[in-house]
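Student: Quick one, what's the 3D model for this:
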Amino acid sequence: MKAIILARVSTEEQRDAGNSLPAQIERLQDYCKRKGLEIIEKFSFDESAYKTRRDEFDNILKSVEQSKEKIAVCFDKVDRFSRNVFDKRVATLYDLAMADKIELHFASDNLVITSNISAVEKFHFGINLGLAKYYSDAISDNTRRALEQKRRNGEWTGKAPIGYKNIEDERGNKDIVFDEEKAHLVRRIFELYATGNYSIKKVREQITKEGLLSREERPLAPSMVEYILKNPFYHGVARSKREIYQHKYLPLITKALFDQCQQILRGWGKKPFQYAAKPYVFRGLLRCARCGCAMSPEMAKGKYVYYACSNGKQTCEKTYVPERDLLKPIYKILRSLDRLPQEKIDEVVSGLKKSHEAKQAYHGNALTGLRTEYDVLQKRLDKMYLDHLDGRITQDAYDKYLQQFKARQQEINILLEEHTDADESYYVAASTVLNLAKRALEIFESSEVAEKRALLNFLLQNSVVNRKKPMFALRSPFDTILTFANQPTGLRDLDSNQGDDFQRVASYH
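Tutor: Numbering: from 1, shown residues only. Sure, this is the predicted structure:
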């Protein structure tokens, strides 16, 4: 049988000899030789190159689909295949395997997916992929919550802005305090600009004469002076990508002085735009099937909610869909999930426990990858500093990437803590997902609008409205669970075509 081998890594994993592209290619070549497979194509890429090489990958898929003879498509491990479980290309390959047009081989896992695998193997394979994505998302959620908690505590998670400095005591407690040498000069920037007699360029010239230099002992760039003037941190408010919040550190200037500078920056008189989003169940979850624009909610008579295409491309007519009509198929889905009996939950969890090694491999690979990425970022910072001293990069570029790399290192530290502390069983997550599916109707009916939307966002993906017909697609593994819940005899009924695709889109209208 002819074979195509595919190797895939994250950008930083290439530095790990065991997971590098050459190492994967070598293992796959040895595997094909042992199995008597004739290699006709080699394809390898890292995540940074994936977008640029996507067309090339699609051409390979197209040739595989059109081939008259069966082809073996070989990956090193399942996780190389499922880096993004929602990638349509993954679903396409699985469909081809189920249609007996290809075989999916995972060399290091000693696993072959063919059209002849049992229903139980299909189901467990799909659930494992879905749960891997679920667990990865859970870690991401934990990181987000950890950062949110720090913000609630008034903590700043990045490098202190100029005029402040980061310190750490002998017990490891971190804090941000005034930089005695620069704090008064940063305050001087605001005082000069607030007079209205200085442009940013003139402020820069004056403050340089008075002795304010960057951390690299160079004059501040004009863009850096503007950034300082716009940074609310100096009057007691921290600004992240998600929100602004009161920080716990001593303010360098008053709010009145900061506001005076903002008025001058805005040209005397523009008021900041404020927007308070009203809670709607489907806000941000639906798109128009015809043009792809978002479906926007509107309220009529103070109590009736309708959704219509926002018509950003000016190609759609204004067609209003009552929210109650959108909720009908949602309740149908939730009632189906509600019928999932406990014995089916136990059956699935029992089967998943057999692949316990996946949990250990996930932790090990994740920790190694994070530590490697942190070290790579540190090396980049060190090299960037030398390049900056030698004049090979500009002050603006240095400031930009310094902040970006340091912020990512902070996120990595939190991720490492989350992985280290995550001692609970991987398959507790399996049970949690299944039980959540079973209780989704109860949770939905007892929740406020914002909580309803959060639950639907967790369950749904790529949902659209075609004229007035909603089409809801469940995320994995809930799509598989829904199929499972509707089978009266459990896994055995998944032998039918309804259960063939682990990535099946469950659409209802």
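
Student: give me the low-pLDDT residue ranges for the stretch 101-250 of the chain?
Tutor: Within the stretch 101-250 of the chain, the segments meeting pLDDT under 70 span 128-129, 131-133, 135-136, 139, 242.

Student: Can you show me the strands along it?
Tutor: 102-106, 111-113, 164-168, 174-178, 237-239, 244-246 (DSSP state E, counting those that start in this stretch).

Student: and these, which is most packed in?
Tutor: Highest mean neighbour count among the strands of the stretch 101-250 of the chain (mean count of other CB atoms under 10 Å): strand 102-106, with a mean of 22. Bear in mind the C-beta positions are built from the backbone N, C-alpha and C, glycine included.

Student: Show me what that strand is packed against.
Tutor: strand 71-75, helix 78-81, helix 88-98, strand 111-113 (3 or more CB pairs under 8 Å, 6 or more residues apart in numbering; DSSP states H and E).

Student: Name every strand pairing with that strand and say which way it goes.
Tutor: If you go by DSSP bridges, strand 102-106 pairs up with strand 71-75 (parallel), strand 111-113 (antiparallel).

Student: And the contacts of it?
Tutor: Strand 102-106 is contacted by residues 1, 3, 31, 35, 37, 64, 70-78, 80-81, 93-94, 96-97, 111-114 when judged by CB atoms under 8 Å, 6 or more residues apart in numbering.

Student: how close does residue 157 get to residue 212?
Tutor: Using CB to CB, to the nearest Å, one obtains 25 Å as the distance from residue 157 to residue 212.

Student: again but with residue 286, I slipped
Tutor: In this structure, residue 286 and residue 212 are 51 Å apart, going by CB to CB.

Student: Who does the closest residue to residue 307 other than its chain neighbours form a beta bridge with?
Tutor: Nearest residue to residue 307, sequence neighbours excluded (CB to CB, 6 or more residues apart in numbering): residue 295, at 4.5 Å. Beta-bridge partners for residue 295, by DSSP bridges, are residue 309.

Student: got it, and the one 4 residues further on?
Tutor: Bridge pairing for residue 299 (DSSP bridges) gives the partners residue 305.

Student: What ranges does the stretch 351-500 of the chain have for its helices?
Tutor: Taking DSSP state H, counting those that start in this stretch as the test, the helices found in the stretch 351-500 of the chain are 357-389, 395-421, 426-445, 449-459, 478-485.

Student: Give the rounded mean pLDDT of the first one.
Tutor: To tie it back to what came earlier, the one meant is helix 357-389. Taken as a whole, helix 357-389 has an average pLDDT of 76.

Student: what does the fourth one give?
Tutor: Over the span of helix 449-459, the pLDDT mean works out to 82.

Student: Would you indicate which residues of it are buried?
Tutor: Across helix 449-459, burial judged by 16 or more other CB atoms under 10 Å covers 452, 453, 455, 456, 459.

Student: I'd guessed residue 158 sits against residue 406; true?
Tutor: Yes: using CB atoms under 8 Å, residue 158 is in contact with residue 406, at 5.9 Å.

Student: which stretches of the stretch 401-509 of the chain aren't confidently modelled?
Tutor: 414, 417-435, 485-509.

Student: now do 50
Tutor: Low-confidence segments of the stretch 401-509 of the chain, defined by pLDDT under 50: 422-427, 490-509.

Student: To residue 250, which of the strands paired with strand 102-106 lies closest?
Tutor: strand 71-75 (54.6 Å; CB to CB).

Student: Just the C-alphas of the closest one, formatted as PDB.
Tutor: This file holds the C-alpha atoms of strand 71-75, laid out as PDB (Å, rounded to 0.1, in the frame of the first residue of the first chain):
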ATOM      1  CA  ILE A  71      -3.600   5.100   0.800                       C
ATOM      2  CA  ALA A  72      -2.100   4.900   4.300                       C
ATOM      3  CA  VAL A  73      -1.900   8.400   5.900                       C
ATOM      4  CA  CYS A  74       0.700   8.100   8.700                       C
ATOM      5  CA  PHE A  75       1.200  10.400  11.800                       C
END
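
Student: any idea of the angle it forms with helix 88-98?
Tutor: Taking axes from the mean of the first three to the mean of the last three CA atoms, to 10 degrees, one finds strand 71-75 and helix 88-98 inclined to each other by 130 degrees.

Student: Could you break this protein into its assigned domains?
Tutor: 2-117, 118-147+280-367+416-509, 164-265 (automatic domain parsing).

Student: out of those domains, which comes closest to residue 374?
Tutor: Here domain 118-147+280-367+416-509 is closest among these (CB to CB), at 7.8 Å.

Student: Would you mind saying which of the domains of the chain lies nearest residue 375?
Tutor: domain 2-117 (8.5 Å).

Student: coming back round to it: make TSV out of the strands of the stretch 101-250 of the chain and add distance to residue 441.
Tutor: Formatted as TSV, these follow (distance: least, CB to CB, whole Å):
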stretch	distance to residue 441
strand 102-106	36
strand 111-113	34
strand 164-168	49
strand 174-178	45
strand 237-239	40
strand 244-246	36
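
Student: Relative to residue 203, which of those strands is closest?
Tutor: Nearest of the strands of the stretch 101-250 of the chain (CB to CB): strand 164-168, 19.3 Å.

Student: Would you mind extracting the C-alpha trace of that closest one into PDB?
Tutor: Provided in PDB are the C-alpha atoms of strand 164-168 (Å, rounded to 0.1, in the frame of the first residue of the first chain):
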ATOM      1  CA  TYR A 164       8.100  51.900  38.800                       C
ATOM      2  CA  LYS A 165      10.200  48.700  39.400                       C
ATOM      3  CA  ASN A 166       9.400  45.100  40.200                       C
ATOM      4  CA  ILE A 167      10.900  43.800  43.500                       C
ATOM      5  CA  GLU A 168      10.800  40.400  45.300                       C
END
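
Student: quick one: the helices in the stretch 201-350 of the chain?
Tutor: Counting by DSSP H, counting those that start in this stretch, the helices of the stretch 201-350 of the chain are 222-230, 255-265, 323-338, 342-352.

Student: Let's have those helices in CSV, adding mean neighbour count and distance to residue 436.
Tutor: Below are the helices of the stretch 201-350 of the chain laid out as CSV (neighbours: other CB atoms under 10 Å; distance: least, CB to CB, whole Å):
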stretch, mean neighbour count, distance to residue 436
helix 222-230, 18, 43
helix 255-265, 16, 44
helix 323-338, 17, 9
helix 342-352, 16, 11
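
Student: how about those helices in TSV, adding distance to residue 58?
Tutor: Shown next, in TSV, are the helices of the stretch 201-350 of the chain (distance: least, CB to CB, whole Å):
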stretch	distance to residue 58
helix 222-230	41
helix 255-265	47
helix 323-338	32
helix 342-352	33
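
Student: Cool, thanks, talk later.
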